[in-house]
Structures are given as C-alpha cells and as structure tokens.
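Asker: Show me how the following folds:
(2 chains)
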Number of protein chains: 2
Amino acid sequence: VSPIPPDDRGLALGDGLFETVLVEDGRAVRLAAHLARLAAGCAALGLPVPERSAIEAAMAEALARAGPAAARAAVRLTYTAGSGGRGLDRPQQLAPRLVATAAPAPKPATPARLVTATVRRNELSPASRMKTLAYLDNVLARREAKAAEADEALMLNTRGQVACAAAANLFWIADGALHTPALVCGVLAGVMRAEVIGAAGRLGVSVREATAPAETLASAEALFLTNALIGVRPVSSLDGRGFAPHQLAERLAQAVQ
Amino acid sequence: VSPIPPDDRGLALGDGLFETVLVEDGRAVRLAAHLARLAAGCAALGLPVPERSAIEAAMAEALARAGPAAARAAVRLTYTAGSGGRGLDRPQQLAPRLVATAAPAPKPATPARLVTATVRRNELSPASRMKTLAYLDNVLARREAKAAEADEALMLNTRGQVACAAAANLFWIADGALHTPALVCGVLAGVMRAEVIGAAGRLGVSVREATAPAETLASAEALFLTNALIGVRPVSSLDGRGFAPHQLAERLAQAVQ
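Answerer: Below you'll find the predicted structure:
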C-alpha cells in the first residue's frame, strides 16, 4: 500500500473522508450506500468523487494484504484532499489520495454501557453530518467513556440535544415508537441508521427523527446503537441507569442482519 | 522523511497535534512557547510529550530537505498518536509518530479582508483550544472566505460569540483598549496572541480577554489577526465594512517583530 507523505492534507488538517465497510465472507455489505455517502461528502467538501473501480481495487488489495479472509472483516477507506496548497488553502490542482486497510471485525458479544460525554458534537459544522478525517472529538468522547469503565459515549450537541454515540448512531424506544436524532442535530447519516429506519417501517413501527433534549432519554424504554460493523447493539445502561432487553430492538437486529 | 502508514491515527482520526514554527535566518522563533503548547496539548490528549532533541532533529532535517534556507521558513511539526488500536480506541502501548516539513513563509504584504463564516467553532470541545490534526472546520471556514473573495474567515463559536480567524487569533481595538476573545470561547492559545498581550501591557494599553457577541465588532475601531507566521496582520474589511490603518495595531506589529 502506498504510504502517505507527511504533507498530506488528510494527515495535516483532517481534510478528507472515510468509510468503514463490513465484508462478510468476502462480500462488501451495503457498499452502494457507503459509496453514495462518500460521494455526498465529496460534494460537501469540494472533492472529486473517486472512481468505483479504484475503490474496489483498493478494497481487494487491502483484504488480500490482511491475509486469510476473516468471516467478518472491516475495510476502512480513507480519502484525502492530497498534498499541496498553502496552510489551510487547497492547491489549484487537487490530487486526492485513496487508501484502504482491512482488519477482522468481530461482532460485540455484549450490550453497551453508555455514559454521557462532556465533549459535544458541533451541529453548527457541516462536518458533523459527514464521516470526516477530523474525528478527534469522538476519540475524546470515547476516552471519557473508557475512563468511566463504560463501552461507549453518548454525545450531546452544543444545545444539549441527543446526537449520537462516539462511533454509532443512537435509537430509543418510547411510547411504542422508535426515535432517533434528526440529522440536523449533528448526526452522521449512518448506513445502518437508514437500514433500521427502513426495517421499522416494514414492521409497521412508526419512526420519529427527533430534536430531543438529553432529558428525553429518561423516559425511554430501551436504547440501542447502530453502525455498519455492529448492526444493532443493545444498550444495557446509560449513566448507571439499567435497561432490560427489549423485543423491538431484537426484532430490528434480526431484520437488518 | 518517514512516510506515514495508512493506519496512523493522526491520518485516520485526527488524533494528534501540530505546531507551525517560524524560522528566520535559520533561528526557530519562540520555539520554547511552541513546545510548551505542544506539551499542554499532549497532556490534554493523553499523549507522551516528545523529546525536545527529537523535535529539533526533525526540524533540522526538514529544513535541510527543503533546500537552500529561505530568509523566512515555516516548519510544521506533526505529532500523531501513531498506529494501532481498534477504531476510536487507542492501543495499550502508544507509539506516537513525529514528522516535520518545511516551506518558505513569506509575510503577507496586504491587510486581510474578512468575512464571517457559517461554520462555527465548537467551544464545547477541548480540541477548540488546541492545535489538533482535526482542523477541517477551519479548512471549511477558509473555503467560505475564499469563495466570497476574502482572505480569511471570522469564526464565531456555537453561541454566536467572536472566537478567531480560520488560521489566526483575532484582536480588536475599542474604547482605547485592546480586546481578544477569551480562550473559553473556543480559542487557540496562540503563541503570537500571548506576545501581543504582553507587548500591549508594556505599552501601557489595557487588554480585555472578552466573551463578546459578534455584534461587539460593529463598534470596533480596528481589527487585526495574529499568528506565529504573519505576526500582526491588519484587517482592512469585515463583511464589507472597511477599517483604516490604526496606530496601535502598527505599534504592536513593531513591538512583536
């Protein structure tokens, strides 16, 4: 794999995007949805959309390099604005860089213990709705969670509204309906988030994309997390309050498998 | 220079810090202040502080690689959390990575035209007070400024308070006093910001570190930007409103030279 020069703008400034694609038994799961989101991110950041053939070649190369195929692997695609420019300003001629890495992606065996992080999600930046290389706030939120002996962080946005987990979208069940923060709250348009919303619709469960203060979760019957690698992962506690397994969460987990 | 592997956490997640040091006629200017800020950032991010000898060796190597010494060069130090870990979580044993690049750093010849960006500075993340590799919000703010045919972006924080420019601290002069946003507004503790505050004190000018709504700037007599490379750069306009040169800004520019 090509190494990255130290003047790459992805490294230097977080100027770029990524995707994390689940590969099950050699098959890239929901690749079209990942590539559509990458293309939308490129449009927002002013980057050319990489060719699908180049992406597929990089993925195959990364999987081959990672050795004997794991039943479940994660391929991480990293797409940067390339080298050049002066400080924050990009060069006139962009030469973006695409790299891929692969690693085993075992499914978490346990539900997640959540704590609310102090680091907030910046819904007043378009980057909060994209999978960008500037992910440090999420790293810091996760560090807070681990320091509190939890698995994941609940991130609020700057207005104190529920946004997401550090590396997952968040759903909650209340009043017989499924709720998830609206994208405008500073939320990544998760591939699995969209799958779960679709699956709930097919099960006849109403879904509300909500702008909800943190206190809203106090009356939730259940919480769960979603992303492309974990699917649906139940939450067993939030800030020490416990949640029992919930039938709807289990049905949705099966529906998106 | 060692290339960066694609699994480096600085590239993948913005998990790291940087410094941009001015080198004038071969001498690193205010290096101690840059290294102190880097050390403070390391403490906040949970990274070991790099050895000064390693930093100086990397800087010298970068300058040598850049060829015949420019009278004014900028050395960019990039310090990442290294490779490893699973997703957002760092590995148990950190192996941070330090790289440096050098480039000529001509001083801007003209005052800066500013426009207010829509992208906001997230004062509710500690990263807003550090020079981290997750700098995409600033790249986006600068892109807005360039699209509006301006030179730099004024960034407000999520409460609509004045914070900084995309790549500089901001000062304004009003009521005979010098003002600059307080760090708590989501502001980098700029090396040149501290120099200017010190110089103003020596000139007998009172300095207020302010928490100020954007409208405060409407009554400013003058604005200027500061960073290690530009020193003090006057602002000629903000959102189309013009500013004349101001004697105090000129005195401060000379004082920190």
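
Asker: Next one: whichever residue of chain A sits closest to chain B from B:Ala81, what distance?
Answerer: As assessed by CB to the nearest CB, chain B sits closest to A:Pro3 within chain A, at 3.2 Å. For glycine as for every other residue, the C-beta is placed from the backbone atoms N, C-alpha and C. Per CB to CB, to the nearest Å, A:Pro3 is found 17 Å from B:Ala81.

Asker: These two: which has the busier surroundings?
Answerer: Between A:Pro3 and B:Ala81, B:Ala81 has the larger neighbour count (other CB atoms under 10 Å in any protein chain shown), namely 28 against 13.

Asker: List the contacts of the more buried one.
Answerer: B:Ala81 makes contacts with B:9-10, B:15-16, B:45, B:47, B:90, B:94, B:96, as judged by CB atoms under 8 Å, 6 or more residues apart in numbering or on different chains.

Asker: Do I have it right that the residue of chain A closest to chain B meets B:Pro6?
Answerer: Yes - shown here, A:Pro3 and B:Pro6 form a contact pair, counting by CB atoms under 8 Å, at 7.4 Å.

Asker: contacting residues around stretch A:204-216?
Answerer: With CB under 8 Å, 6+ apart, stretch A:204-216 has contacts from A:116, A:156, A:160-162, A:172, A:174, A:176-185, A:197, A:200-201, A:248.

Asker: And that stretch, what's buried?
Answerer: A:205, A:207, A:209-210, A:212, A:214, A:216 (16 or more other CB atoms under 10 Å in any protein chain shown).

Asker: Next, format those as a markdown table and append pLDDT.
Answerer: A markdown table is the format used below for the buried residues of stretch A:204-216 (pLDDT from 0 to 100):
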| residue | pLDDT |
| --- | --- |
| A:Val205 | 97 |
| A:Val207 | 97 |
| A:Glu209 | 98 |
| A:Ala210 | 97 |
| A:Ala212 | 98 |
| A:Ala214 | 98 |
| A:Thr216 | 97 |
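
Asker: tell me the two of those that are most distant?
Answerer: Greatest spatial distance among these (CB to CB): A:Val205 and A:Ala214, at 23.5 Å.

Asker: Start from the N-terminal end of chain A and give the strands.
Answerer: Using DSSP state E, the strands of chain A run over A:16-24, A:27-28, A:72-80, A:97-104, A:112-116, A:152-156, A:162-165, A:169-174, A:177-181, A:207-210, A:222-227, A:231-238, A:241-242.

Asker: pLDDT averaged over the fifth one - what is it?
Answerer: Averaged over strand A:112-116, pLDDT sits at 98.

Asker: Please name the strands paired to that strand in the sheet, noting orientation.
Answerer: Taking DSSP bridges as the criterion, strand A:112-116 forms sheet pairs with strand A:152-156 (parallel), strand A:231-238 (parallel).

Asker: Of those strands, flag the one that's most buried.
Answerer: Burial of those is given as mean neighbour count (mean count of other CB atoms under 10 Å in any protein chain shown); strand A:152-156 ranks first at a mean of 26.

Asker: How about the residue of chain A closest to chain B, nearest residue that isn't a chain neighbour?
Answerer: Computed as CB to CB, 6 or more residues apart in numbering or on different chains, the closest residue to A:Pro3 that is not its neighbour in sequence is B:Pro3, at 3.2 Å.

Asker: just A:Ser236 next, same as before
Answerer: Nearest residue to A:Ser236, sequence neighbours excluded (CB to CB, 6+ apart): A:Pro111, at 3.8 Å.

Asker: Might one say that the one you found is in contact with A:Ile230?
Answerer: No - counting by CB under 8 Å, A:Ile230 is not a contact partner of A:Pro111; they are 10.8 Å apart.

Asker: Restricted to buried residues, select the contacts of stretch A:204-216 in ChimeraX.
Answerer: Selecting the buried subset of the contacts of stretch A:204-216 in ChimeraX, with 16+ other CB under 10 Å as the burial test, is done by:
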select /A:116,156,161,162,172,174,178,179,180,181,182,183,185,197,200,248
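
Asker: For burial, what's the neighbour tally of A:Ala134?
Answerer: That count, for A:Ala134 with other CB under 10 Å as the rule, works out to 27.

Asker: Below-threshold pLDDT in chain A: ranges please.
Answerer: Low-confidence segments of chain A (pLDDT under 70): A:1.

Asker: out of the contacts of B:Ala81, who's near chain A?
Answerer: B:9-10, B:15, B:45, B:90 (CB under 8 Å from any CB of the partner chain).

Asker: Most neighbours of all these, which one?
Answerer: B:Gly10 (32 neighbours).

Asker: give me every residue that touches A:Phe24.
Answerer: For residue A:24 the amino acid is Glu, not Phe. Contacts for A:Glu24 (CB under 8 Å, 6+ apart) come out as A:71-72.

Asker: so it bridges to which residues?
Answerer: Residues in a beta bridge with A:Glu24, per DSSP bridges, are A:Arg27, A:Arg72.

Asker: Distance check, it against B:Ala109.
Answerer: A:Glu24 is 58 Å from B:Ala109, where distance means CB to CB.

Asker: for A:Thr20, same thing?
Answerer: According to CB to CB, A:Thr20 and B:Ala109 sit 45 Å apart.

Asker: residues from the stretch 151-257 of chain A in reach of chain B?
Answerer: Going by CB under 8 Å from any CB, the residues of the stretch 151-257 of chain A near chain B are A:158-159, A:166-167.

Asker: and with 10 Å instead?
Answerer: With the criterion set to CB under 10 Å from any CB of the partner chain, the stretch 151-257 of chain A comes near chain B through A:151-153, A:156-160, A:165-167, A:186, A:227, A:229.

Asker: List only buried entries from these.
Answerer: Using 16+ other CB under 10 Å as the burial test, those include A:151-153, A:156-159, A:165-167, A:186, A:227, A:229 as buried.

Asker: Just flag the most distant two among those.
Answerer: Farthest pair in those (CB to CB) is A:Arg159 and A:Leu229. Separation: 29.1 Å.

Asker: Distance from the chain centre to stretch A:235-253, please.
Answerer: Computed by CA atoms, centre = their mean, to the nearest Å, the chain-centroid distance of stretch A:235-253 equals 20 Å.

Asker: if we can go back for a sec, give the burial count for the residue nearest to A:Ser236, as a bare number.
Answerer: A:Pro111 has 18 nearby residues by other CB under 10 Å.

Asker: Verify the contact between it and A:Leu238 for me.
Answerer: No - here A:Pro111 does not reach A:Leu238: they are 11.2 Å apart, not a contact under CB atoms under 10 Å.

Asker: who touches both of these two?
Answerer: A:Leu223 (CB atoms under 10 Å, 6 or more residues apart in numbering or on different chains).

Asker: is it true that A:Ala200 touches A:Thr226?
Answerer: No - contact between A:Ala200 and A:Thr226 fails when scored by CB under 10 Å: they sit 11.4 Å apart.

Asker: Report the set of residues contacting both of the two.
Answerer: Common neighbours of A:Ala200 and A:Thr226 (CB under 10 Å, 6+ apart) are A:171, A:180, A:252, A:256.

Asker: Of those, grab the buried ones for PyMOL.
Answerer: Of those, the buried ones go into a single PyMOL selection, burial set by 16+ other CB under 10 Å:
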select buried, chain A and resi 171+180+252
